[in-house]
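J.: need a structure here:
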Amino acid sequence: MNNGVYSDIINFLKADIRGNINVINFIENYTPAFLIKSEDSVIVKGRSDREWVYIVTKSKSRLKEMLKYLDDGDKNFAVIEDWMIPVISEGKKIKWLLKTNRLILNSNMFNNNPLLDNLKESEAMYVFENSEYKEYLTPGYVGDRITSGVSSVIRLGGKPAAWGMTHDDGAIGFLNVLPQFRGRGLGKNVSIDMIQKVIKSGKLPFVHIEEGNTKSMNLAQGLGFVKDKTINWMQIE
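T.: As a prediction, the model looks like this:
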């Protein structure tokens, strides 16, 4: 892609950094295979753990216009708003749908330097095997996020007891505390360290929390995250 065109699209997206934070980070983390802007809409195709499609648009009519850039191999859609789902999936079967709330940090209280260690690539399989979301992950993706993203870990007895990482779009996630170590505040400590590391990297901290996860929602809001919108990840057949 022409560097000038690429820069123009990035600048367009950055005019609304909070609204487009997922797709901006994804483009910066993974070189897009396809990236085009048409009027006020953008479509991005790229690979992290799988081939993803991001669509930035404001209206149903524009979304229908952007769908002409899709082909039969485009099955996985990221950061899809609720109103987009029936348009994208029309005439197709939804294989799975993950609905989350996006919360963005609205606080300036995290100015300290990070204190916790980073995960090691050698711990990727351990993290994967202890994840509650294995159906959405692969060991390779976990390893990639450890080496390419931001992570924090608390080790007890020489093994990870609590950890977190950033996703392919820069969202703070993967937060997990092993059952035997819960109730000690480890999750909060990992979350604070992750926030400080993301800020230090020059990025805006944000999280995705699955609907119904009251405990994680309370933790995030207690740390200064504010709900922005509901977004979805979807695979169609």
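J.: can we go C-alpha only for contacts and neighbour counts from here?
T.: OK.
J.: At which residues are the helices of this structure located?
T.: For the chain, helices defined by DSSP state H occupy the ranges 3-14, 21-29, 60-66, 85-88, 124-129, 139-148, 186-200, 214-222.
J.: What's the separation between Gly157 and Phe181?
T.: Distance, Gly157 to Phe181, using C-alpha to C-alpha, to the nearest Å: 12 Å.
J.: before we move on, what about Ser59?
T.: Counting by C-alpha to C-alpha - Ser59 and Phe181 are separated by 46 Å.
J.: ok, and the closest non-adjacent residue to Asp169?
T.: Excluding the flanking residues, the one nearest Asp169 by C-alpha to C-alpha, 6 or more residues apart in numbering is Phe26, at 4.4 Å.
J.: I'd like the C-alpha coordinates of the worst-scoring helix or strand of the chain on mean pLDDT written as PDB, please.
T.: Counting by mean pLDDT, DSSP states H and E, the chain has its least confident helix or strand at helix 3-14, which shows a mean of 91. The C-alpha trace of helix 3-14 is given here as PDB (Å, rounded to 0.1, in the frame of the first residue of the first chain):
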ATOM      1  CA  ASN A   3       2.600   5.100   2.400                       C
ATOM      2  CA  GLY A   4       0.600   8.300   1.800                       C
ATOM      3  CA  VAL A   5      -2.700   6.400   1.600                       C
ATOM      4  CA  TYR A   6      -1.800   4.400   4.700                       C
ATOM      5  CA  SER A   7      -1.000   7.600   6.600                       C
ATOM      6  CA  ASP A   8      -4.200   9.200   5.500                       C
ATOM      7  CA  ILE A   9      -6.300   6.200   6.800                       C
ATOM      8  CA  ILE A  10      -4.400   6.100  10.100                       C
ATOM      9  CA  ASN A  11      -4.900   9.900  10.500                       C
ATOM     10  CA  PHE A  12      -8.600   9.500   9.700                       C
ATOM     11  CA  LEU A  13      -9.000   6.800  12.400                       C
ATOM     12  CA  LYS A  14      -7.000   8.800  14.900                       C
END
